[in-house]
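Enquirer: just the structure for this:
(2 chains)
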Amino acid sequence: MGGIIEVLLLGFLISSLYALIALGFTMIFGVAGVLNLAHGAFAMVGAYLAIWALGWGWSLPAAALFAVGGMAVLAPLVYLLLIRPVEDRPVIVFLGTLLFAVVLEQIIGLLFSFNSRILPPLVDGILVVGGTRIPYNRLAASAIALLIIGALWLFVNRTRAGKAILALSMERRGAALVGIPTRNIILWVWALSGALAAIAGLFVGSFFGISPLEERLLLTIAFSTVVLGGLGSIPGSLWAALIIGFSETIVQQFAPEARGLASLVLLMFVLTFRPQGLLGRAAA
Amino acid sequence: MSAHTPQRSRTRKPGLLGLLVVFFALLAALPYLLPLLFPSLQQNPFLLSKWLGVLITANLLAILAMSWDLLGGYAGQISFGHSLFFGLGAFTAAILSLSVGWNPWVIIGLGALVAAVGGLLVAAPALRLHGPYLSLMTLVAALAFDRFVRWLKPADRFDLGIPGAEGTILCSLKCFLSFSAVTKYYYALALMVGSFLVLWAIARSRIGLALEAIRDDEEAAQAAGINTAKFKALAFAISGFFAGLSGAFYVYHIGSAGPSDVLNLQRSVEAIATAVLGGMGTIIGPIFGAYFFKLFEEIFRPLGELRFGVLFTLALLTLLLVQGGLLARLRARLGPGRTAPSPTASSAPTAAQQRPPGGPTATSASTPTQTQTPRQEPTEAAKR
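Expert: As a prediction, this is how the structure comes out:
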């Protein structure tokens, strides 16, 4: 039957997607200390930027680049205009990003529609493993997610700019004192986070389709993954993505009617017994 | 700078209570005032009951938003899952009205009680959680309950389910309060005013004070001898109770309870937007927020979805400008002669936005007259 292999493969595919969605979210919290509840909306807007560009007759890679670049510009702008003025008041930032996400939903819904749209797959073709059909597109998404995570790890741990980000995530004031341009770095992290959100949005859009209200699901995934792993901890988020992805896949395989419930209940248990998440707030 | 200390300074004015009585009296007279003001309602009784229906939902939203405000605005526990408490009240009411068929008010009260217990259940793990972890807990609890209801499909166990709608219980035959829209309106209004009085009394009592202390600095509150766990649990229970009350009455208003309606996350978002629009941490603000929200929604119905975009944008602006203190900062920047369109007026917003994040030294250096600066510094120091 090959059930185990299927579960392993599907679980891995969905986990890497979750990791991709959560990555930008956790970076912003770890480095800038902002819990950006508009992250799901950023991913959604990214997907719609690609849809928009495709409408002009652009090729898919060009549209994807446009989406990623567009979000890399828009995210720091949102930070500058909306979040920076109230940055020292977490509750305002928290509710503000939530309301901004809802406003983005409405704007995109008005410009396009509230119906779901599907992006064409970045890679065509289907792989058949033990009776399960797996589009190459999903494999590509996992590969890209792994590449990005690896590149991010190298960037953070091996380059000067990355080390500056790391320093910032540990102690903002200390980083400023040793001459790290904290304000610029934070803008770059927002740009990176926006780009990552757009990539996640593109893949979600090509797997399941995307609609303006879909961003809530993306936000819930990012939020759950990041909190389960421990806010601000990138390794924690990756572990959490694996746990959530696999628990969902296993439940889907053996008790499909309880799908979606299992990972939520799991999350509640972890929050109850380990309130700081799996890896607490460790350094990135 | 009143923007930073809204509730204390404003609510102590004796004139407010009088104003409130006038406002409530006006609301009570509405079923008779409306036809006088709009002759078209006189000829068409259906139109009148439609508008009364809008006002009923405004009252229910007001109760929900006030319950959110006690937890979010006073205790600083930001809940994203108020749809859970609303839904608990709603499903309890729908199921009880079909199975036992007691007096509606008993059932509505029981619905609220079940939601209060739900609040306690959520509070149990939430007591150890702070900030975003707590918010996620409430969100996850609401989502999990939604999935749970769909999985259970309670509609299958009651004859009156809506076919095709997953888990939706229809109880319109068994759960109606009155055929008259006017009577129903008065019930809803009485419920809203009663909820307001209780929540207002709680917020102004020692409980409210303790909740505010927890919001401002939980550790300091604990050090000062406040049993933070007890008060947080209490806030969750009270908030759950009133959210459940709103949900239970809602079932008696529309005659059904379905997960995609009563458990919709949109309800939580609306409650938050309403509380923010009216003013967080005031209890009374959400009432005005709710009336504004529902009337705007109905009056600008031709605009379609755009009206929600406008409403949420307004809420966002209110949050940033009023609660976030941008308006106060802007006013301080413009100085005492702010009514005069000085040349700095146009550049002020961008200047305020480009200010380094939370730099108390920069703030006090650039605007020596700013009265809010000393208030800001302690919080800034406490944060670091």
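Enquirer: what is whichever strand or helix holds B:Leu330 packed up against?
Expert: Here B:Leu330 is covered by helix B:326-334, with elements defined by DSSP states H and E. Counting contacts by 3 or more Cβ pairs under 8 Å, 6 or more residues apart in numbering or on different chains; DSSP states H and E, helix B:326-334 is packed against helix B:344-353. C-beta: built from backbone N, CA, C; applies to glycine.
Enquirer: which stretches of the chain have low pLDDT?
Expert: Assuming you mean chain A. A:1-2, A:130-131, A:258-260, A:280-284 (pLDDT under 70).
Enquirer: correction: the question concerned chain B.
Expert: Chain B contains residues with pLDDT under 70 at B:1-14, B:155-157, B:159-165, B:173, B:324-327, B:335-384.
Enquirer: strands of that one, residue ranges please.
Expert: B:169-170, B:256-257 (DSSP state E).
Enquirer: and the first one, what does it pack against?
Expert: Read that as strand B:169-170. For strand B:169-170, the elements it packs on are helix B:82-99, helix B:154-157, strand B:256-257, judged by 3+ Cβ pairs under 8 Å, 6+ apart.
Enquirer: could you pull out the strands for the stretch 101-250 of chain A?
Expert: For the stretch 101-250 of chain A, the strands defined by DSSP state E, counting those that start in this stretch cover A:126-129, A:132-135.
Enquirer: most tightly packed of the ones you listed?
Expert: Of all the strands of the stretch 101-250 of chain A, strand A:132-135 has the most neighbours on average by mean count of other Cβ atoms under 10 Å in any protein chain shown, namely a mean of 14.
Enquirer: if we look at it, which residues are touching it?
Expert: Strand A:132-135 is contacted from outside by A:Glu6, A:Leu9, A:Leu10, A:Leu13, A:Pro121, A:Val123, A:Gly125, A:Ile126, A:Leu127, A:Val128, using Cβ atoms under 8 Å, 6 or more residues apart in numbering or on different chains.
Enquirer: helix, strand, or coil at the fourth one?
Expert: What it means is A:Leu13. Following DSSP: H, G, I helix; E, B strand; the rest coil, the label given to A:Leu13 is helix.
Enquirer: thought it was touching A:Ala143?
Expert: No: applying Cβ atoms under 8 Å as the test, A:Leu13 and A:Ala143 come out as separate, 10.3 Å apart.
Enquirer: those two: who's more crowded?
Expert: Remark: of A:Leu13 and A:Ala143, A:Leu13 carries more neighbours, 20 against 13, as counted by other Cβ atoms under 10 Å in any protein chain shown.
Enquirer: picking up where we left off before, of all the contacts of strand A:132-135, which comes closest to A:Arg89?
Expert: A:Leu13 (39.8 Å; Cβ to Cβ).
Enquirer: helices or strands next to the helix or strand harbouring A:Val93 in the packing?
Expert: Element membership for A:Val93, per DSSP H and E: helix A:90-111. Judged by 3+ Cβ pairs under 8 Å, 6+ apart, helix A:90-111 is in contact with helix A:39-55, helix A:215-229, helix B:131-152, helix B:265-278, helix B:306-318.
Enquirer: can you do 7 Å?
Expert: In this structure, helix A:90-111 packs against helix A:39-55, helix A:215-229, helix B:265-278, helix B:306-318, with contacts taken as 3 or more Cβ pairs under 7 Å, 6 or more residues apart in numbering or on different chains; DSSP states H and E.
Enquirer: any idea of the angle the second one forms with helix A:39-55?
Expert: Angle of helix A:215-229 versus helix A:39-55, following axes from the mean of the first three to the mean of the last three Cα atoms, to 10 degrees, is 140 degrees.
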